[in-house]
Every structure is written in structure tokens, then in C-alpha cells.
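*Asks:* 3D, please:
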Amino acid sequence: MKPIREFKSDEEFQKIAKDLQHKLFLDDWFIIFGLTNEPIRISGGYSSGLTTFDYGNREATILILNKDNWDYSADVAEYKPTVIRNCALLNLLHELLHLKREYIVPSDILGDGADELSEMEKKDVHTNLEKMAKTLFMMLTGTNTDYFLK
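*Replies:* Numbering: from 1, shown residues only. Presented below is the predicted three-dimensional model:
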């Protein structure tokens with residue numbers, strides 16, 4: 001598979017999204033996939049991807065920023081420039097991986113008596129999910145970590 005920083009069409013995106021859903025053993029999920037050309041507003045700033053889901057019903061929506069060069073520092077005050085370029089395919093993998101593990105309750109991770117993950121623990125879980133997404137991306141596309149740098 002070729003690396004994709006920006007999908008050429010919604011048809012290409014839908015085909016690849018469904019293929020990755022299948023490869024990640026998420027066939028029992030009903031997922032609506034969408035593309036946007038604007039950063040996605042979330043609490044605390046902006047994101048290049050967003051997954052909302054209902055685990056019990058196995059339904060989800062995944063929205064992906066489809067913009068090769070995401071540098072909105074002049075337009076969006078909350079945006080913090082990074083050294084990593086936006087990559088729509090990587091974002092799609094990342095968002096799909098949320099469905100593989102987000103439903104795990106804190107006691108599954110931390111043991112009995114754990115009610116809630118701390119903010120630091122949430123960031124650590126998210127960082128590991130991003131590492132998995134990058135690893136899968138590199139395996140699928142034959143790239144290395146240099147691909148992600150601006």
C-alpha cells in the first residue's frame with residue numbers, strides 16, 4: 001500500500017477505511033467514516049481525527065482531517081506547531097485502533113479498586129496507541145520514521 005497524506009476522493013477513503021476495518025478484525029462494528037478539510041475541534045484544542053462510539057451497540061463514527069499540510073498556526077490560536085506532518089492514512093489507523101482498546105475499563109489496566117485513569121495515564125495509553133498506529137503504517141507502506149517528519 002502506498003502512504004497517503006491526503007485521500008484523492010471520498011470513494012478512495014471509504015474503500016481503504018473498510019479494508020483496514022476488516023484487517024483489524026473490526027467487522028462486527030458499524031462504522032461511518034467521514035473526511036473533513038478543517039481541523040476537528042475537541043476539548044483543549046484541535047485534532048486531526050476523532051472517534052465517537054457506543055461499545056455496547058458496536059457503532060462508531062470516525063472523522064479524519066484530509067489535509068496534507070496542517071499548519072493553521074496563523075488561523076487557529078490554539079494550534080501548536082509540530083515536527084510531524086499530517087497523514088490521513090495514519091490518522092485513520094489511529095482512530096480505528098481506538099475501537100480495539102478504548103472500552104477497557106481502568107480496573108482491567110490497573111487492577112482492583114481502580115475507578116478512573118489519571119490524565120497522565122490517559123496520555124500514556126494514547127501515546128502507546130499512536131506508536132501502534134505508526135508501526136502498522138510503516139509495515140503497510142514500507143516506510144520508516146523519517147516519513148513522518150516535515
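*Asks:* The helix or strand of the chain with the lowest mean pLDDT: what's the following helix or strand?
*Replies:* Ranking every helix and strand in the chain by mean pLDDT, DSSP states H and E puts helix 106-110 at the bottom, with a mean of 48. Using DSSP states H and E, the helix or strand that follows helix 106-110 towards the C-terminus is helix 119-141.
*Asks:* end-to-end on stretch 42-59?
*Replies:* 20 Å (CA to CA, to the nearest Å).
*Asks:* Now that stretch: buried residues?
*Replies:* By neighbour count on 16 or more other CB atoms under 10 Å, the buried set for stretch 42-59 is 46, 48-51, 53. Bear in mind the C-beta positions are built from the backbone N, C-alpha and C, glycine included.
*Asks:* Sort out which of those residues are in strands and list them.
*Replies:* Applying DSSP state E to the buried residues of stretch 42-59, the entries found in strands are 46, 49-51, 53.
*Asks:* Turn the buried residues of stretch 42-59 into TSV, columns for pLDDT.
*Replies:* Formatted as TSV, the buried residues of stretch 42-59 follow (pLDDT from 0 to 100):
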residue	pLDDT
Y46	76
S48	84
G49	89
L50	91
T51	91
F53	89
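*Asks:* any chance of the residues you listed in TSV, with distance to K123 too?
*Replies:* Output for the buried residues of stretch 42-59, formatted as TSV (distance: CB to CB, whole Å):
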residue	distance to K123
Y46	17
S48	17
G49	16
L50	17
T51	17
F53	20
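*Asks:* and of the residues you listed, the nearest to K18?
*Replies:* T51 (15.6 Å; CB to CB).
*Asks:* what's near enough to touch that closest one?
*Replies:* T51 makes contact with 60-63, 95-96, 98-99, 102 under the criterion CB atoms under 8 Å, 6 or more residues apart in numbering.
*Asks:* Looking at those, which is nearest D28?
*Replies:* L99 (10.1 Å).
*Asks:* quick one: the closest one is in a strand?
*Replies:* No: counting by DSSP: H, G, I helix; E, B strand; the rest coil, L99 is not part of a strand but helix.
*Asks:* Point out where the protein drops to low pLDDT.
*Replies:* Filtered on pLDDT under 70, the chain yields the residue ranges 44, 69-83, 102-119, 121-122.
*Asks:* Verify the contact between H98 and T52 for me.
*Replies:* No: with contact defined as CB atoms under 8 Å, H98 does not reach T52; the gap is 9.5 Å.
*Asks:* No further questions, thank you.
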